[in-house]
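# Show me the folded form of this:
(chains A and B)
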Amino acid sequence: MTRTIWLASYPKSGNTWFRMLVANLSAKDGKPVDINDLPERGGIASARGPFDYLTLIDSGLLTHDEIDCLRPRVYEELARGALDDEYDKPQDAPPVRFAKVHDAYTRTPKGEPLLAGARGAQGAIVIVRDPRDVAPSLANHHRCSIDEAITFMSDRHGLYDAKQLRQKLPRWSGHVESWLDQTDIPVHLIRYEDMLADTLGTFRGALEFAGRPARDEAIRRAVAFTDFAELRRQEQEKGFSETPRRPGGQFFRRGVAGAWRDELSAEQVARIEAAHAEMMRRLGYELASAMPKCEPMVRHPEVPPPYPPPHAGEGRVGASKGDSPGAPAASFEARLWRAPQDDADEINRSQVPLI
Amino acid sequence: MPRAFILTGKQVQFYRVSGLSVASEIELPGLIAGTAEPAPQVTIRRGAVPEHLPHAAAAGPTWQIAGKQFLLRIPDIARFLLNSGSEIVVEPESDATAADVPIFILGTVFGILLHQREQIVLHASAVRVNGRAVLFCGSSGAGKSTLAAALAQRGYPLVTDDICTLTLDAAGAPLVHSDGRQLKLWAQAIDRLDLAQQRGERVRQSLEKFYVAPGEVFTEPLALGAVYALRETRPPHKPGIDRPNVVDAALLLRGNAYQPLLVRRLGQKANYFHAATTIANVAGIFFLTRALDFAKMAEVIAMLEAHWLDLRLMERAA
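As a prediction, this is how the structure comes out:
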């Protein structure tokens, strides 16, 4: 049976890049897969399409809490292969269904894991990115100021909820913590910065965790086909369905690590670090501002560390490697704040194949 | 189709729903009143509904099928038992949720019933254009109701909202049935379309979604003019009206069935394929791609009117 693996991340942390990598494992005719035509059908967990399709109920007539109570049933059903028989040929179904999710790992009002725990997926690849790089990217995506993005990332009640099902994003660090510290399913943690520095090795490790076998040659090709310049070229040439809806909007913006050094003010850096120091240390993101020492992390006693210790190559992170400095500060001037999901740029297409 | 269960001794109201005569113990807001004679095709009553069906042959997150019985459970709201496409038994799960029941009967539950009756039922809103029904299909949030409401303001009366039943007449031509059901619109759309005067009750106490009265109510079935599947302008789709080939059109129609899962589970694929080829021939199935933006509504309507002239649905001004 097809295994289900969550691709869990806070927004703007490399989830789409990872999905493009997976899609390009099956690239045909020696050409990169069209960024608007990814063959994978997993979709995002918060899409309304599969919920409405499987429950027969218009989710627009339910409250967020009512929806949450039903969501575990939907993920169980999807994990059991509810959409697999939609493939014309059974052999077309991939061995692993990678399902994107931005929701934090939370529980429903009835106390169940929202994502159905081990009945919803066999594991989770958790992708994290330096929050100092997430903030400017989030601001670009949602057309808000960086300060507003930083505020959102510190909001315990952060929500994405306009067009998709409501997603709880309880602070950037709360989000990451919810995934790393849950004990329902195994986790494989990858950092965006490591994906950049060693795409091949990081991707291969994630595929091994997922149980998605791929020949080395296919992995190499997928890496080449999802080079940032290629994704950017495709976006500029024909547009991308997830690009922010506004003139000049870009999804593939810079694709670098450490750009915060030329995009954030010292005060902004300090705000992020003050709010998220503990999790940043845990993930190996070196703090730039002087911070008081934190207590050492306490983990759940019976549970082995769900992720490897911070990588040896910590110095890479935030080292401005590959930066293209000079993005004009003016482009990040405060703009009218719109609720982060007002434009619901992330996929919310039904994800349900035509039957 | 067995005769409907006869309701007696209780407050019963009669309606026309998607072309069917209905007797109901539960008030269904906004629908056209029907008559007691001839005997109703569908009855809706309150009663005990089990949590599970014994020997269910198929099941999903909220439903089970056993023979001619279909059980739907909307947790904490109500359970619905549908028998042979002719009877709906309703058991609210609490007193507090009883008021929320009608909206689910009108949509989800009636959709299932129509599938049980092997009818073609689309996820579509429709307006009347020069005596014919023009349908706008799409999933929840695609903008069906908003577009229909805007067209109604332009003088194209509302035929149906959200759910649209097609039947074939004696000559095999598709007919669309209106039942006077009200539009369901979010507060924002009501505001942007300046429909506050027609705004009715909330569809549920807990939602910012309201019933909006249609301007004109009529009951005669209409011939089909055109079917549009709504699509948002996002790469690679550019704004405009496109006509897919007949195979894609057939898939499109099936994908825009109301509750497409049931088309598969109740073995209706061939029926939909047949309906799609008929519709593609007599009316046409199109994609309507446009920005989801109230500010662009006038452009979208102009594009549609130009298309209706091309299709000869509308007369060209002399």
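
# For chain B, what lies in contact range of chain A?
B:60-63, B:72, B:74-77, B:103-104, B:107-108, B:111-112, B:139-141, B:162, B:203-204, B:206-207, B:209, B:234-236, B:251-252, B:254-255, B:259-264, B:269 (CB under 8 Å from any CB of the partner chain). For glycine as for every other residue, the C-beta is placed from the backbone atoms N, C-alpha and C.

# Among these, name the ones in strands.
Using DSSP state E, the subset of the residues of chain B next to chain A located in strands is B:63, B:72, B:74, B:209.

# Could you tell me the phi and psi values at whichever residue of the stretch 1-150 of chain A sits closest to chain B?
Residue nearest to chain B within the stretch 1-150 of chain A: A:R73 (3.5 Å; CB to the nearest CB). Torsion angles at A:R73 (phi, psi; degrees, to the nearest 10) stand at phi -60, psi -40.

# wait, it sits on B:T62?
Yes. Shown here, A:R73 and B:T62 form a contact pair, counting by CB atoms under 8 Å, at 7.3 Å.

# Give the residues shared as contacts by the two.
A:T55 (CB atoms under 8 Å, 6 or more residues apart in numbering or on different chains).

# Look up the closest residue to B:N256, ignoring the ones flanking it.
Spatial nearest neighbour of B:N256, chain neighbours left out: B:C137 (3.8 Å); criterion: CB to CB, 6 or more residues apart in numbering or on different chains.

# number of nearby residues for the one you found?
Neighbour count of B:C137, defined by other CB atoms under 10 Å in any protein chain shown: 25.

# which residues does it contact?
B:122-124, B:144, B:227-230, B:252-253, B:256.

# Tell me the backbone dihedrals of the residue in the stretch 1-150 of chain B that chain A sits nearest to, please.
As assessed by CB to the nearest CB, chain A sits closest to B:P61 within the stretch 1-150 of chain B, at 3.5 Å. Note on B:P61: backbone dihedrals following degrees, to the nearest 10 are phi -60, psi -30.

# Skipping its backbone neighbours, what lies nearest it in space?
Closest to B:P61 by CB to CB, 6+ apart is A:R73, at 3.5 Å.

# per-residue pLDDT, the one you found?
pLDDT for A:R73: 97.

# Could you report the pLDDT at residue 239?
I'll assume chain A. For A:G239, the predicted pLDDT is 90.

# Hmm, no, I was thinking of chain B.
pLDDT, read off for B:P239, is 95.

# That one touches B:T233, doesn't it?
Yes. Between B:P239 and B:T233 there is a contact at 4.9 Å, judged by CB under 8 Å.

# distance of the residue of the stretch 1-150 of chain A closest to chain B from A:T55?
Counting by CB to CB, to the nearest Å, the gap from A:R73 to A:T55 is 8 Å.

# Same check on B:R45?
Counting by CB to CB, the gap from B:R45 to A:T55 is 24 Å.

# out of these two, which sits in the more crowded spot?
A:T55 (26 against 16).

# quick one on the thing from earlier: tell me the confidence at the residue of the stretch 1-150 of chain B closest to chain A?
For B:P61, the predicted pLDDT is 96.

# again with the one 5 residues further on
According to the predicted model, the pLDDT of B:A66 comes to 96.

# Look at B:A48 and say how many residues are nearby.
8.

# Skipping adjacent residues, who's closest to it in space?
Nearest to B:A48 is B:E91, by CB to CB, 6+ apart, at 6.0 Å.

# Kindly indicate whether the one you found is helix, strand or coil.
Under DSSP: H, G, I helix; E, B strand; the rest coil, B:E91 falls in the strand class.

# hmm, back to that, relative to B:R199, which of the contacts of B:C137 is nearest.
B:K144 (18.3 Å; CB to CB).

# Spit out the contact partners of that closest one.
Contacts of B:K144 (CB under 8 Å, 6+ apart): B:123-125, B:136-138, B:161-162, B:230.

# Burial check on the closest residue to chain B within the stretch 151-300 of chain A, number of neighbours?
Chain B sits closest to A:G239 of the stretch 151-300 of chain A, with a gap of 2.9 Å, by CB to the nearest CB. By other CB under 10 Å, 19 other residues sit near A:G239.

# Neighbours of the nearest residue to it once chain neighbours are set aside, how many?
What sits nearest to A:G239 in space, not counting adjacent residues and going by CB to CB, 6+ apart, is B:P235, at 2.9 Å. Residues near B:P235, counting by other CB under 10 Å, number 17.

# Next up, the contacts around B:P235.
Neighbours of B:P235 in contact, by CB under 8 Å, 6+ apart: A:36, A:238-241, A:243.

# if you set the cut-off to 6 Å instead, what comes out?
A:36, A:238-241 (CB atoms under 6 Å, 6 or more residues apart in numbering or on different chains).

# Redo those residues as CSV? Include distance to A:E77 and secondary structure.
Converted to CSV, the contacts of B:P235 look like this (distance: CB to CB, whole Å; DSSP: H, G, I helix; E, B strand; the rest coil):
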residue, distance to A:E77, secondary structure
A:N36, 28, coil
A:K238, 35, helix
A:G239, 33, coil
A:F240, 30, coil
A:S241, 26, coil
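
# Can you tell me which of these are buried?
A:36, A:239-241 (16 or more other CB atoms under 10 Å in any protein chain shown).

# How about stretch B:28-45, which residues are buried there?
Applying 16+ other CB under 10 Å to stretch B:28-45 flags B:28, B:30-31, B:34, B:40-45 as buried.

# Just those: which are in strands?
Reading strands off those with DSSP E, I get B:42-45.

# between those, which is closest to A:Y192?
Using CB to CB, those come closest to A:Y192 at B:I44, 54.7 Å.

# Report the contact partners of the closest one.
Neighbours of B:I44 in contact, by CB under 6 Å, 6+ apart: B:24, B:26, B:88.

# nearest spatial neighbour of it, skipping sequence neighbours?
Nearest non-adjacent residue to B:I44 (CB to CB, 6+ apart): B:S24, at 3.9 Å.

# do the same with B:A152
B:A152 sits nearest to B:L158 (CB to CB, 6+ apart), 4.8 Å away.

# burial measure for that neighbour, as a count.
So B:L158, with other CB under 10 Å, has 26 neighbours.

# Got the phi and psi for it?
Taking degrees, to the nearest 10 as the convention, B:L158 sits at phi -70, psi 130.

# List the beta-bridge partners for it.
For B:L158, the beta-bridge partners are B:V127 (DSSP bridges).

# And it, how far from chain A?
To chain A, B:L158 is 18 Å away according to CB to the nearest CB, to the nearest Å.

# List the contacts of that residue.
Counted by CB under 6 Å, 6+ apart, B:L158 has contacts B:127, B:148, B:152, B:214.

# Any chance of a markdown table for these, columns secondary structure?
Shown next, in a markdown table, are the contacts of B:L158 (three-state DSSP):
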| residue | secondary structure |
| --- | --- |
| B:V127 | strand |
| B:A148 | helix |
| B:A152 | helix |
| B:P214 | coil |
